[in-house]
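Asker: Need a 3D model of the sequence below.
(4 chains)
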There are 2 protein chains.
Amino acid sequence: MKKKNTQQVEFFREKCRSLGLNVTPQRMAIYKALVGDETHPSPDAVFRRVRLSHPTISHATVYKTLDTFERHGIISRLTPLHESVRYDPMTSQHHHIVCVRCKKVVNLSDGELGTIQIPAQVKREYRVLGYSVHFSVLCASCKDRE
Amino acid sequence: MKKKNTQQVEFFREKCRSLGLNVTPQRMAIYKALVGDETHPSPDAVFRRVRLSHPTISHATVYKTLDTFERHGIISRLTPLHESVRYDPMTSQHHHIVCVRCKKVVNLSDGELGTIQIPAQVKREYRVLGYSVHFSVLCASCKDRE
DNA sequence: TTACCTGCAAAAGGTTTGCAGGCTA
DNA sequence: TAGCCTGCAAACCTTTTGCAGGTAA
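Answerer: So this is what the prediction gives:
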């Protein structure tokens, strides 16, 4: 346990070094909080957790740090289309092609993708209402602009 | 074209009738705006579009109506976890099991699901960076509470 | 020492709510 | 007519921004 913790710390230091990021106590605390959290936390959840060991941390630092981590690939975002809620008039099962840069979304009909085998363990543990595949892409125009 | 429009109107009237929803000019306008929109619009985008033909409509009505439509299954939401941004410390490709009721999210490792064949047309048109499958479920405790 | 990072406070969106008046069925 | 729906305005909540001071390298 102790050893695992040390490994995490070293991993993070090395990662920051290679990315040119300063290692600050706040960043370290936020990183540790994330690694130990299976709940896919919101920024505020991270804030509340980090504050236990680091009472003077601010929301702004948490937001900025999470953003920095994400831009450098240290963590990922569960909610890539967060700018606002978005709706789809299609209610039957289908899939989405999302441009990570301009956030355009295109539907892909269910039939165009083979059937996905839902793992038995998932079926056993949950009532599965449906699934959809989300492709992260660069669209034609964003690809050109890179 | 004219005929298709009439069909939409009738379909919507019937849908509302069967759900016990009043058919109002605002709801009709919002429904029409959605059906004609492939861009997966935000509430504000719907608002701006509807306002062209219905200048006195309010944001509140648009928000309430979209929510009503979604709760009755007339449209679907692209962003089920919109309450706030959420992060995941895992950056390698994996999938998500999301409880539609309590919004808990559990990871499913990539290997536990067979390989998905990315349609050739998608590969041709986009630079595909990755994909993830999103299972909409009721978790054990939410299932019991239904 | 220098550039980067933090924390505060204020501002900026996006979304929700309460309520009075209006409309559908 | 009764209950549902709309529009306004204010409140709310999450997230971003600017800036002055502090810290890592």
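Asker: buried residues in stretch A:11-26?
Answerer: A:Phe12, A:Lys15, A:Cys16, A:Leu21, A:Gln26 (16 or more other C-beta atoms under 10 Å in any protein chain shown). Backbone N, C-alpha and C define where each C-beta goes, glycine included.
Asker: Same check on stretch A:101-115?
Answerer: A:Val105, A:Val106, A:Asn107, A:Leu108, A:Asp110, A:Leu113.
Asker: Please see if it touches DNA strand D.
Answerer: No: using C-beta under 7 Å from any atom of the strand, stretch A:101-115 stays clear of DNA strand D, coming no nearer than 13.1 Å.
Asker: chain center to that stretch, what's the gap?
Answerer: 20 Å (C-alpha atoms, centre = their mean, to the nearest Å).
Asker: Same check on stretch A:129-146?
Answerer: 16 Å.
Asker: pLDDT of that stretch, averaged?
Answerer: When pLDDT is averaged over stretch A:129-146, the result is 94.
Asker: now stretch A:26-37
Answerer: Computed over stretch A:26-37, the average pLDDT equals 97.
Asker: contacts for it?
Answerer: A:8-9, A:12, A:16, A:21, A:41, A:45-46, A:49-50, A:53-54, A:57, A:61-62, A:65-66, A:68-69, A:74-75, B:87, B:89 (C-beta atoms under 8 Å, 6 or more residues apart in numbering or on different chains).
Asker: near DNA strand D, from the buried residues of stretch A:11-26?
Answerer: Okay, of those touching DNA strand D (C-beta under 7 Å from any atom of the strand), that's A:Cys16.
Asker: Now stretch A:71-86 - C-alpha only, CSV.
Answerer: Taking Å, rounded to 0.1, in the frame of the first residue of the first chain, the C-alpha atoms of stretch A:71-86 are listed here in CSV:
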residue,chain,number,x,y,z
ARG,A,71,-5.2,18.7,-22.1
HIS,A,72,-2.0,16.7,-21.3
GLY,A,73,-3.7,13.4,-21.4
ILE,A,74,-3.1,12.6,-17.7
ILE,A,75,-6.9,12.1,-17.2
SER,A,76,-9.8,11.9,-19.5
ARG,A,77,-13.2,13.6,-19.5
LEU,A,78,-16.4,11.5,-19.4
THR,A,79,-18.4,14.4,-20.7
PRO,A,80,-16.8,15.8,-23.9
LEU,A,81,-20.0,17.7,-24.9
HIS,A,82,-20.4,19.6,-21.7
GLU,A,83,-20.8,23.2,-23.0
SER,A,84,-24.5,22.6,-22.9
VAL,A,85,-27.2,20.0,-23.0
ARG,A,86,-27.8,18.6,-26.5
